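> only geometry, no sequence info:
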Ligand SMILES: [K+]
Ligand SMILES: [K+]
Ligand SMILES: [K+]
């Protein structure tokens, strides 16, 4: 009987975590929370009709790029395919944070059409950019290059949402994160990005906690 | 071994309940079921572009108001923000029902950006209004005032979807429900409504049951 | 303690399966994977505004027909209603496969408004059609008739997603599947199709496996 109660507790706690976006970690790269993709490498051909070049500034952001910043549940098509076996994505976060970790999620093994397009090696850069600043011009001229703050390898044998923690000293307050994918799991034609998340702490809430303490 | 079978039973039953909209209760305020928001207090500034005043009749229904009547899974941005620390929402249900209970859901604690905008004290009114009747004119002139049928307090320490049952004598058959929020959990700028549900019984199905019995 | 670890294992495995589209089976009829409805019987009246006749070729595909090929979570309104107590749906799969099984899902009992509109008896046909071929003309003239490869009955007392396996000899490689519903669970006005899935194996991946072995 004690076991039954315990079993139910475990179940309810794990379902609650599942319902809370699977990880129970705040995601500052969530599209519905105000984050957005501001740059990415060339997408894989999805038919010309859905590819809309958008001029200087926001140039070249595909209308489906937001899929990388949205939860999906076992739907292999809800990813964004980058051309080739390398690529990158730059995200403007909802707000400035102190970076803790990032999560890379691929569609679950049991429902995937093909897992050779999953990303493999990835490097993360992060920096602060004044909202509405000159960042877009830098992007169009390709000048900005930031040192990486983190590297990881996505492992197809582990859970489909894999979180990687910062190990080096902090980056200070940042609101931009770039994922550079330098390899995938075998496809030469494309690399599918199913979902990217960015975790950390709002520096304003830390100040509040310090003042309250 | 018996324990294993029992554990699996508990798990499958709870996952089934989770998959059945989390509560396993019919929701007559579900947007995809035909319910809709017919009036609400002033929304919090989301940028003018997404706010479309719509003239007399359906005047002032924000294009995002339906988010309050839709399920979301751990996405803090899928709410509708009302301006200030009080506000109201009026819902025309999918069909006329005998009211049992209502559910107020806020985004899960573990993924929320900020919980001070969660509603706190709430009063429910409910009435019947002929579909396509003069209700909209009443709303625009602000005459209609219904006595409350229920009051509750949303508790941030409890589960994120909280159901409150009618305690007083029934309201008869109703198809309109109004939520009046008289306080929130601390934010002075806005009150976020993540999801509202309305539960009850279809009086036609009661008649059918009585006839069959 | 061993029991606790075991209980957690069961829970995590079942939640993983739930998160992987509920069944953990690849679905070649998923809209986001590229499948689409190419023909269906007359829909139940949803108001004329949402019914858009679309001329010869793709004629008569309702703008909501894709709902049958999309996951939904406890939302009774996310179905596609066919007029009457019989009807059919034809699906062009994402890719050509060797057919194993199909899944018919109705909304969960605990949140359904009405279950008399659930389909009951169903016959499956499957064939190959060259993409972009003359299939649409055949459909508009109503000539094509394929022999059924499978029959089943959807049982309201069982789980809401029911999978039915092929028992007869294989159909070879197919990319088209037709569901013929010959009865429902009581409604005379309409039959609601909540979700259809098609499972099987990509013949190209079989070749690859054989070559690797
Ligand atoms: K996604
Ligand atoms: K919502
Ligand atoms: K659906």
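Okay, I see it. What you are looking at is a predicted structure, and each value in this text was computed from that prediction instead of being measured. Ligands and ions are numbered 1, 2, ... in the order given.

> Which helix runs longest in chain A?
The residue-count maximum for a helix in chain A (DSSP state H) belongs to helix A:2-19.

> Which strands and helices lie in contact with that one?
Counting contacts by 3 or more CB pairs under 8 Å, 6 or more residues apart in numbering or on different chains; DSSP states H and E, helix A:2-19 packs against helix B:2-19, helix C:2-19. (Glycine included, C-beta is placed from N, CA and C.)

> and residue A:194, how many neighbours does it have?
Look at residue A:194: counted by other CB atoms under 10 Å in any protein chain shown, it has 26 neighbours.

> can you check residue A:20 too?
Residue A:20: 20 surrounding residues under other CB under 10 Å.

> One more: residue A:126?
Burial of residue A:126, expressed as a neighbour count using other CB under 10 Å, amounts to 26.

> What pairs with the host helix or strand of it, parallel or antiparallel?
Assigning secondary structure by DSSP states H and E places residue A:126 in strand A:121-127. Taking DSSP bridges as the criterion, strand A:121-127 pairs within the sheet with strand A:150-153 (antiparallel), strand A:173-181 (antiparallel).

> buried stuff in that strand?
Of the residues in strand A:121-127, A:122, A:123, A:124, A:125, A:126, A:127 count as buried by neighbour count, 16 or more other CB atoms under 10 Å in any protein chain shown.

> and residue A:68, which of the three is it?
Secondary structure assignment for residue A:68 (DSSP: H, G, I helix; E, B strand; the rest coil): helix.

> so which of the helices and strands packed on helix A:2-19 comes closest to ligand 2?
helix B:2-19 (16.3 Å; CB to the ion).

> What's the first helix or strand after the closest one?
Following helix B:2-19 in sequence order, the next helix or strand is strand B:36-40 (DSSP H and E).

> I'd like to know which elements the next helix or strand after that following strand is packed against.
Beyond strand B:36-40 on the C-terminal side, the first helix or strand identified by DSSP H and E is strand B:80-83. Taking 3+ CB pairs under 8 Å, 6+ apart as the contact definition, the neighbouring helices and strands of strand B:80-83 are strand B:190-193.

> The strand it packs on near ligand 2 anywhere?
No: Strand B:190-193 lies out of reach of ligand 2 by CB under 5 Å from the ion, never closer than 8.4 Å.

> By mean pLDDT, point me to the weakest helix or strand of chain A.
Ranked by mean pLDDT, DSSP states H and E, the weakest helix or strand in chain A is helix A:135-141, scoring a mean of 59.

> ok, back up a step: so the longest helix of chain A, near ligand 2 or not?
No: contact of helix A:2-19 with ligand 2 (CB under 5 Å from the ion) is absent, the minimum separation being 12.9 Å.

> For chain A, which residues are neighbours of chain C?
Residues of chain A found near chain C, taking CB under 8 Å from any CB of the partner chain as the criterion, are A:3, A:6-7, A:10-11, A:14-15, A:18, A:22, A:73-78, A:108-113, A:159.

> Specify the local secondary structure of residue A:107.
Under three-state DSSP, residue A:107 falls in the coil class.

> In contact with it: list those residues for me.
When contacts are counted by CB atoms under 8 Å, 6 or more residues apart in numbering or on different chains, residue A:107 touches A:72, A:74, A:75, A:76, A:78, A:79, A:160, A:192, A:194.

> which regions of chain A lie under the pLDDT threshold?
Chain A contains residues with pLDDT under 70 at A:46-59, A:132-145, A:169-170, A:205-213.

> Write out the residues of it neighbouring ligand 1.
A:67, A:70, A:72, A:78, A:195.

> Going through these, which ones are buried?
Among the residues of chain A next to ligand 1, the ones that count as buried (16+ other CB under 10 Å) are A:67, A:72, A:78, A:195.

> And the residues you listed, which is closest to residue C:155?
Ranking those by separation from residue C:155, with CB to CB as the measure, puts residue A:72 on top at 29.8 Å.

> From ligand 2, how far off is the closest residue to the closest one other than its chain neighbours?
Closest residue to residue A:72 apart from its sequence neighbours, by CB to CB, 6 or more residues apart in numbering or on different chains: residue A:78 at 3.7 Å. Counting by CB to the ion, to the nearest Å, the separation of residue A:78 from ligand 2 is 18 Å.

> re the thing from before, quickly check the contacts of residue A:107 for the two that are furthest apart.
Greatest spacing in the contacts of residue A:107, by CB to CB: A:74 and A:192 (14.6 Å).

> Enumerate every residue touching residue A:121.
Contact criterion CB under 8 Å, 6+ apart gives A:151, A:152, A:153, A:154, A:181, A:182, A:183 as the residues in contact with residue A:121.

> If you rank those residues by neighbours, which is first?
The residue in the contacts of residue A:121 with the most neighbours, by other CB under 10 Å, is residue A:181 (23 neighbours).

> And for the nearest residue to that one once chain neighbours are set aside, the neighbour number?
Leaving aside its sequence neighbours, residue A:181 sits nearest to residue A:119 (CB to CB, 6+ apart; 4.6 Å). By the criterion of other CB under 10 Å, residue A:119 has 25 neighbours.

> Please apply the same query to the one 10 residues further on.
A total of 19 residues lie near residue A:129 under the criterion other CB under 10 Å.

> Report whether stretch A:26-36 contacts chain B.
Yes: using CB under 8 Å from any CB, a contact is recorded between stretch A:26-36 and chain B, made by A:26, A:27, A:30, A:31, A:32, A:33, A:34.

> ok now that stretch, how far from the chain's centre?
For stretch A:26-36, the distance from its own C-alpha centre to the chain's C-alpha centre is 9 Å (CA atoms, centre = their mean, to the nearest Å).

> got the end-to-end distance for that stretch?
By CA to CA, to the nearest Å, the extent of stretch A:26-36 from end to end equals 16 Å.

> Okay, and the beta partners of the residue lying closest to residue A:27 once chain neighbours are set aside?
The shortest distance from residue A:27 to any non-neighbouring residue, by CB to CB, 6+ apart, is to residue A:197 (4.3 Å). Residue A:197 has these beta-bridge partners by DSSP bridges: residue A:103.

> what does chain A have sitting close to chain B?
Remark: the part of chain A in contact with chain B comprises A:3-4, A:7-8, A:11-12, A:15-22, A:24-27, A:30-34, A:71, A:73, A:94-95, A:202, using CB under 8 Å from any CB.

> Buried among those? Make that a PyMOL selection.
Buried members of those can be picked out in PyMOL with the line below, counting by 16+ other CB under 10 Å:
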select buried, chain A and resi 7+8+11+12+15+16+17+18+19+20+21+22+24+25+26+27+30+31+32+33+71+73+94+95+202
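
> ok, and what's touching stretch A:168-176?
For stretch A:168-176, the external contacting residues (CB under 8 Å, 6+ apart) are A:38, A:90-93, A:95-99, A:126-129, A:131, A:135, A:149-150, A:203.

> please redo it, this time with the cut-off set to 6 Å
Stretch A:168-176 is contacted from outside by A:92, A:93, A:96, A:99, A:126, A:127, A:128, A:129, A:149, A:203, using CB atoms under 6 Å, 6 or more residues apart in numbering or on different chains.

> Look at it and report the distance between its end residues.
The first-to-last residue distance of stretch A:168-176 comes to 18 Å (CA to CA).
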